[in-house]
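*Asks:* sequence-free structure coming up:
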């Protein structure tokens with residue numbers, strides 16, 4: 001069997017799946033990604049890598065609401081032009097597993113008519129009931145709603161271009177049109193719970209050179225980017241009071257500046273980090289707040305392993321890997337009571353929930369949880385057990401994918 005993975009930033013969500021399938025002596029694994037997005041020299045044992053050149057930019061005059069779709073069509077065409085060279089050399093995949101959100105899989109079913117196409121579907125925008133309009137500090141105008149509605153054209157064509165699909169969580173699946181429900185199954189990317197686990201001997205060296213150890217009073221927050229979509233503003237507004245009441249607490253904040261999902265800050269081009277530091281900085285004991293930027297994976301895990309309390313917030317949006325990783329590391333997780341989180345965390349059983357827009361509630365709960373870590377031992381153990389039972393890659397995700405591939 002030959003399996004072709006399509007992801008502009010391969011391996012992306014397919015890291016563990018592609019590696020596991022490549023170990024199967026009966027399976028040939030090929031990947032295709034955008035050369036401009038992929039890390040130079042990236043190698044995955046057993047996987048034959050190929051790359052396409054980034055598509056050309058949309059011309060002037062394309063309606064701004066349609067620019068994303070135009071770019072996706074261009075990317076889909078670029079994928080086919082690249083695959084044509086490999087097809088002439090003998091490539092005929094039996095199955096294509098794709099992240100079609102950028103257009104990569106638009107045309108492959110027609111180009112490889114004998115192949116089955118499975119898509120990973122992360123998110124379908126809704127004008128109500130999800131991220132749009134969730135935060136009054138980021139109001140959505142009617143034009144924003146129309147633009148997002150138009151952006152779903154990419155997802156709709158992707159749905160029509162795939163034979164079946166997977167969604168990481170049931171809530172994310174529920175956002176897609178009901179007409180496609182029968183072809184979308186819930187399979188999470190999976191967590192390597194053998195590697196992502198508690199380590200009582202873990203240490204982490206702060207940017208100032210000080211070493212923190214598992215058991216120290218450490219409060220952690222992780223996000224790809226420090227932005228409101230992941231509750232960075234709520235977290236920052238709670239910090240001054242938390243630090244005032246917990247004088248030994250050290251705070252580690254992991255994430256890049258800028259925005260990955262929501263809008264950029266509108267304040268004179270400054271980042272969200274700068275904006276909220278300016279808002280609360282006068283009240284903040286900044287010597288105990290450590291911004292690390294983005295971290296290598298091993299360092300990121302050590303941050304979670306030394307954490308006494310991990311805070312996670314999100315709009316009703318895609319659930320972050322970091323929350324599940326924190327739970328797998330045996331962290332006590334204090335998270336926003338939003339839909340994707342509620343699917344995983346049972347309040348006071350395997351974590352704790354608080355209202356997203358209530359920094360005062362975050363403060364009160366964080367102070368109480370930091371003060372009595374021994375009382376939270378069972379909650380932390382149950383957090384890890386939840387991930388092992390429901391999200392472990394080897395025992396849950398991989399068998400589900402193998403079953404999907406077999407039918």
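*Replies:* Thanks, I have it. This is a predicted model, so every value here is computed, not measured.
*Asks:* hey, what's the nearest residue to residue 302 once chain neighbours are set aside bridged with?
*Replies:* Closest residue to residue 302 apart from its sequence neighbours, by Cβ to Cβ, 6 or more residues apart in numbering: residue 204 at 4.5 Å. Heads up, the C-betas are built off the backbone N, CA and C, glycines and all. When bridges are called by DSSP bridges, residue 204 pairs up with residue 212.
*Asks:* And residue 392, by the same measure?
*Replies:* Beta-bridge partners for residue 392, by DSSP bridges, are residue 191.
*Asks:* Quick one: neighbours of it, just the number.
*Replies:* Residue 392 has 20 neighbours, counted by other Cβ atoms under 10 Å.
*Asks:* Return the distance of it relative to residue 9.
*Replies:* To residue 9, residue 392 is 24 Å away according to Cβ to Cβ, to the nearest Å.
*Asks:* now residue 393
*Replies:* Per Cβ to Cβ, residue 393 is found 19 Å from residue 9.
*Asks:* what's the answer for residue 90, then?
*Replies:* Distance of residue 90 to residue 9, given as Cβ to Cβ: 26 Å.
*Asks:* Show the subsequent helix or strand relative to the strand or helix carrying residue 156.
*Replies:* Assigned by DSSP states H and E, residue 156 belongs to helix 142-161. Next helix or strand after helix 142-161 toward the C-terminus (DSSP H and E): strand 164-167.
*Asks:* on contacts alone, who are the packing partners of that next one?
*Replies:* Contact partners of strand 164-167 among helices and strands, from 3 or more Cβ pairs under 8 Å, 6 or more residues apart in numbering; DSSP states H and E: strand 116-120, strand 184-186, helix 398-406.
*Asks:* try it again with 6 Å
*Replies:* strand 116-120, strand 184-186 (3 or more Cβ pairs under 6 Å, 6 or more residues apart in numbering; DSSP states H and E).
*Asks:* of all these, which lies closest to residue 284?
*Replies:* In terms of Cβ to Cβ, the element of these nearest to residue 284 is strand 116-120, at 39.6 Å.
*Asks:* how much space between the residue located most distally from the centre of the chain and residue 82?
*Replies:* Going by Cα atoms, centre = their mean, the residue of the chain most distant from its centre is residue 88, 36.1 Å out. Distance of residue 88 to residue 82, computed by Cβ to Cβ: 11 Å.
*Asks:* tell me the mean pLDDT for the helix or strand in which residue 239 is found?
*Replies:* In the assignment (DSSP H and E), residue 239 maps to helix 232-245. What helix 232-245 shows for mean pLDDT is 98.
*Asks:* what packs against the helix or strand following that helix?
*Replies:* Per DSSP H and E, the first helix or strand lying C-terminal to helix 232-245 is strand 250-256. Other elements packing on strand 250-256 under the criterion 3+ Cβ pairs under 6 Å, 6+ apart are strand 218-225, strand 289-293.
*Asks:* what's strand 250-256 in contact with?
*Replies:* With contact meaning Cβ atoms under 6 Å, 6 or more residues apart in numbering, strand 250-256 is reached by 218-223, 225-226, 288-292, 294-295, 303.
*Asks:* What average pLDDT does it get?
*Replies:* Strand 250-256 comes out with an average pLDDT of 97.
*Asks:* List the pairing partners of it within its sheet, with orientation.
*Replies:* Strand 250-256 is paired, per DSSP bridges, with strand 218-225 (parallel), strand 289-293 (parallel).
*Asks:* From the chain's centroid, how far away is that strand?
*Replies:* Taking Cα atoms, centre = their mean, to the nearest Å, the mean C-alpha location of strand 250-256 is offset from the chain mean by 17 Å.
*Asks:* Pull out the buried positions in stretch 372-379.
*Replies:* Applying a neighbour-count criterion of 16 or more other Cβ atoms under 10 Å, one finds 376, 379 buried in stretch 372-379.
*Asks:* okay, and the helix or strand of the protein with the least pLDDT?
*Replies:* The weakest-scoring helix or strand in the chain, judged by mean pLDDT, DSSP states H and E, is helix 142-161 (a mean of 90).
*Asks:* From the contact counts, what lies against that one?
*Replies:* Packing partners of helix 142-161 (3+ Cβ pairs under 6 Å, 6+ apart): helix 67-88.
*Asks:* For the helix it packs on, which residues meet the burial criterion?
*Replies:* 68-80, 82-83, 86.
*Asks:* ok, the residues you listed vs residue 267, which is closest?
*Replies:* residue 68 (25.6 Å).
*Asks:* I am finished for the moment; much appreciated.
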